[in-house]
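*Asks:* turn this into a model:
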Amino acid sequence: MKRNFFKHAAAAALIAVMTVLLSGCLYPKDQLEQNKMPPKDAILSVQAVIDQYQKDTGLLPIQNSKPDTLVYEKYRIDFDKLQRMNYISEIPATAYEKGGSYYYLIINEETDPTVKLMNLVIYQQVNDLQASVKSYSDAHKGKLPAGKSVYPDFTGLDFKEMGIKEPVLSSVFSGQTLSTIMDAKGNVYLDYGIDITQVLQKLGSGKKPDDKQDLRALLANQSDLVPVKAPIYRLRGGEPQAMLK
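*Replies:* Below you'll find the model as predicted:
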């Protein structure tokens, strides 16, 4: 009896351990329920609140940001203010303020304020890579781990020189793996050239934007998400090109 008891106990313990291990493999942090896209009605509800707030006050409930903050990171919704002023009873569960994996943002703030989401999992992955670039630069007297030229204003990153493995960074639009690019100051971005090209192909030649338009809007306008850590893109020679201005 004792032998059978210990045999069953050991088997149960092994199953418990395997369950924990498999859970960690199959359900990494960025695939947990709270990190999935919120339902459409949650976004529409926040949009309705923003519209009403602007109608009542003539303003937008946004947090302060630095002048050099990228446009698709800049106008974060101030949920605390909305709660204090009784415009919302609960902050969305998927919002960063509630431990979720999205910043709720406003784009087109001057013409047509629209609620969009920024994926914080990808955002943090790029920030981690930015920290690695800084560490390399600090250790090499300001030298940057620049790889081959990708665009006139950007190079790739030399991961071999940095001594790290190139991370797999997936597009929030297509799921394709995106490359990383870096400007002359060491700022790291994601290259959405492939995604923008696909959108342009769907538009057809008669609907292509002009050379002055910022092509990032093509991605944001077709989705509830914004491009994370994206530089400006404009058409050059009929192809999307990343640039600083």
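*Asks:* strands along this protein, start to end?
*Replies:* In the chain, the strands defined using DSSP state E lie at 102-107, 114-119, 146-151, 154-157, 169-170, 177-182, 188-191, 232-236, 239-243.
*Asks:* tilt between the first one and strand 114-119?
*Replies:* In other words, strand 102-107. Here strand 102-107 points in a direction 140 degrees away from that of strand 114-119 (axes from the mean of the first three to the mean of the last three C-alpha atoms, to 10 degrees).
*Asks:* care to break this structure down by domain?
*Replies:* With domains defined by automatic domain parsing, the chain comprises 33-119, 121-243.
*Asks:* got those domains as CSV, with mean neighbour count and mean pLDDT columns?
*Replies:* Glycine gets a C-beta too; all of them are placed from N, C-alpha and C. Output for the domains of the chain, formatted as CSV (neighbours: other C-beta atoms under 10 Å; pLDDT from 0 to 100):
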stretch, mean neighbour count, mean pLDDT
domain 33-119, 15, 93
domain 121-243, 16, 95
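*Asks:* who's in contact with the residue lying closest to Ile62 once chain neighbours are set aside?
*Replies:* Using C-beta to C-beta, 6 or more residues apart in numbering and skipping residues adjacent in sequence, the residue nearest Ile62 is Tyr75, 4.6 Å away. By C-beta atoms under 8 Å, 6 or more residues apart in numbering, the contact list for Tyr75 reads 60, 62-63, 65, 105-107, 109.
*Asks:* from these, which single one is nearest Leu244?
*Replies:* Ser65 (19.1 Å; C-beta to C-beta).
*Asks:* okay but the closest one is in contact with Lys74, surely?
*Replies:* Yes - the pair Ser65 / Lys74 is scored as a contact, 4.8 Å apart, by C-beta atoms under 8 Å.
*Asks:* okay, and the common contacts of those two?
*Replies:* Among the neighbours of Ser65, none is also in contact with Lys74 (C-beta under 8 Å, 6+ apart).
*Asks:* could you dump the strands of the chain to JSON lines with distance to Arg216?
*Replies:* JSON lines is the format used below for the strands of the chain (distance: least, C-beta to C-beta, whole Å):
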{"stretch": "strand 102-107", "distance to Arg216": "10"}
{"stretch": "strand 114-119", "distance to Arg216": "12"}
{"stretch": "strand 146-151", "distance to Arg216": "14"}
{"stretch": "strand 154-157", "distance to Arg216": "15"}
{"stretch": "strand 169-170", "distance to Arg216": "17"}
{"stretch": "strand 177-182", "distance to Arg216": "14"}
{"stretch": "strand 188-191", "distance to Arg216": "11"}
{"stretch": "strand 232-236", "distance to Arg216": "6"}
{"stretch": "strand 239-243", "distance to Arg216": "10"}
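*Asks:* any idea which of these gets closest to Val49?
*Replies:* Val49 lies closest, by C-beta to C-beta, to one member of the strands of the chain: strand 114-119, at 8.9 Å.
*Asks:* which other helices and strands contact the closest one?
*Replies:* In terms of contacts (3 or more C-beta pairs under 8 Å, 6 or more residues apart in numbering; DSSP states H and E), strand 114-119 is packed against helix 40-57, helix 71-74, strand 102-107.
*Asks:* would you list these in CSV and tack on distance to Lys148?
*Replies:* Shown next, in CSV, are the helices and strands packed on strand 114-119 (distance: least, C-beta to C-beta, whole Å):
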stretch, distance to Lys148
helix 40-57, 39
helix 71-74, 26
strand 102-107, 32
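*Asks:* of those, which is nearest Gly163?
*Replies:* Comparing those under C-beta to C-beta, the one sitting nearest is helix 71-74, at 28.9 Å.
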